[in-house]
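Undergrad: no sequence on hand, only this structure:
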DNA sequence: CCTTACCCAAGCGCACCGCTAGGCTTCGGC
DNA sequence: GCCGAAGCCTAGCGGTGCGCTTGGGTAAGG
């Protein structure tokens, strides 16, 4: 399960992605529209900023904008920035590897292997979904919500 | 990340799957071979028993065996029994659905949709890996560990 | 120079995780 | 027929991390 923090981050980033004007969006506006506790959102935005996913402008009329074009920010990157590893066991993580100490031999461990495959597929999928694409879903007809979508969301066979 | 409990459960079940004789395996034997704290393993085996994944025999010479043939027990089932939902957000879970309350409209929520796709793929994969298959991996040549394997483990294109 | 907004550190309550303690029940064997 | 080996079960405990708040600090526009 993702933490609340990650979900808040995704919602806020989606909101920024949908924002049209080039004026930065204030935290208070994000917080109220996405129903995130404002002070908590500060922490989240701080993390997102450190990860380069948003840029901030200080002072009056300040606020936040995306650090990159919404096509260039993937769900995978957000999850990794907020949550840490995508793999479900530490020994199967690429970016946050740690020995799990459970098995006798990591090289042959079936658990590691199974979850390494899962990690591959998960990050492949999550990296294929950009904020831009996700934002476009929210505007589409709900009736299409389970139908076909672009690239990464297609199921192979 | 999976909890320790789930990983212990998987290791213990794999151990049972590899066991040949039809005598039940004692908890102490599982615990020492898999390096799981024995009293903690008791709790785990209890949960596995409630889930029907193992059967127990009481009294002297008692112990545990698999509740079903190792081909019939999947990683997915074990994870669900120990961990709960496989989905990363509650509103995208099939077996443990709960509204997340984050978005304004679940039907169009891009986050829900993205993680529903991920949940589909994950459970498809985890349900395709049986204890029997996993056990066979551990016996195979480590050099093959990244190579081809049966059915569920194949990557599509 | 004052107000607006973001920056940042500290801390709090709670839940859950990993594990232990200690007793109870079943059942084979002498 | 009772002893002891094994599983069954409940309670609880220390630690960690999550969700959120408090309370300030600092850049910058009017």
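TA: Looks like it arrived, so ask away. A quick note: this is a predicted structure, and the numbers were derived from the prediction, not measured. Numbers count the residues shown, from 1 in each chain, chains lettered A, B, ... in the order given.

Undergrad: show me what contacts residue A:13?
TA: Under the criterion of C-beta atoms under 8 Å, 6 or more residues apart in numbering or on different chains, the neighbours of residue A:13 are A:48, A:53, A:54, A:66, A:73, A:78, A:131. For every residue, glycine as well, the C-beta is placed using N, CA and C.

Undergrad: I'd say the third one and residue A:48 touch.
TA: Yes: with contact taken as C-beta atoms under 8 Å, residue A:54 and residue A:48 are classed as touching, separated by 4.6 Å.

Undergrad: picking up where we left off before, any chance of the contacts of residue A:13 in a markdown table, with neighbour count too?
TA: Below are the contacts of residue A:13 laid out as a markdown table (neighbours: other C-beta atoms under 10 Å in any protein chain shown):
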| residue | neighbour count |
| --- | --- |
| A:48 | 25 |
| A:53 | 23 |
| A:54 | 25 |
| A:66 | 19 |
| A:73 | 26 |
| A:78 | 22 |
| A:131 | 27 |
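
Undergrad: buried ones in the lengthiest helix in chain A?
TA: Counting residues, the longest helix in chain A under DSSP state H turns out to be helix A:110-127. Judged by neighbour count (16 or more other C-beta atoms under 10 Å in any protein chain shown), helix A:110-127 contains these buried residues: A:110-119, A:121-123, A:125-127.

Undergrad: what about the residue nearest the centre of chain A, distance to residue B:28?
TA: Centrality entry for chain A: nearest residue to the mean C-alpha point is residue A:78, 2.8 Å, by C-alpha atoms, centre = their mean. The gap separating residue A:78 from residue B:28 is 46 Å, by C-beta to C-beta, to the nearest Å.

Undergrad: do residue A:16 as well
TA: Here residue A:16 is placed at a distance of 56 Å from residue B:28 (C-beta to C-beta).

Undergrad: out of these two, which sits in the busier spot?
TA: The neighbour comparison of residue A:16 against residue B:28 (other C-beta atoms under 10 Å in any protein chain shown) goes to residue A:16, with 24 against 11.

Undergrad: was I right about that one contacting residue A:55?
TA: No: using C-beta under 8 Å, residue A:16 is not in contact with residue A:55, being 10.3 Å away.

Undergrad: which neighbours do the two have in common?
TA: Joint contacts of residue A:16 and residue A:55 (C-beta under 8 Å, 6+ apart) are A:64, A:65, A:66.

Undergrad: next, give phi and psi for the residue sitting furthest away from the middle of chain A.
TA: Residue farthest from the centre of chain A, counting by C-alpha atoms, centre = their mean, is residue A:104 at 34.1 Å. Per-residue torsions, residue A:104: phi -90, psi -30 (degrees, to the nearest 10).

Undergrad: and if you look at residue A:54?
TA: phi -130, psi 160.

Undergrad: bridging residues for it?
TA: Under DSSP bridges, the beta-bridge partners of residue A:54 are residue A:66.

Undergrad: quick one: low-confidence ranges for chain A?
TA: Applying pLDDT under 70 to chain A flags residues A:141-157.

Undergrad: all strands of it, in order?
TA: A:54-57, A:63-66 (DSSP state E).

Undergrad: would you tell me which one of the ones you listed is buried the most?
TA: The highest average neighbour count among the strands of chain A, using mean count of other C-beta atoms under 10 Å in any protein chain shown, belongs to strand A:63-66 at a mean of 20.

Undergrad: wait, does that one contact DNA strand C?
TA: Yes: Strand A:63-66 is in contact with DNA strand C by C-beta under 7 Å from any atom of the strand, via A:63, A:64.
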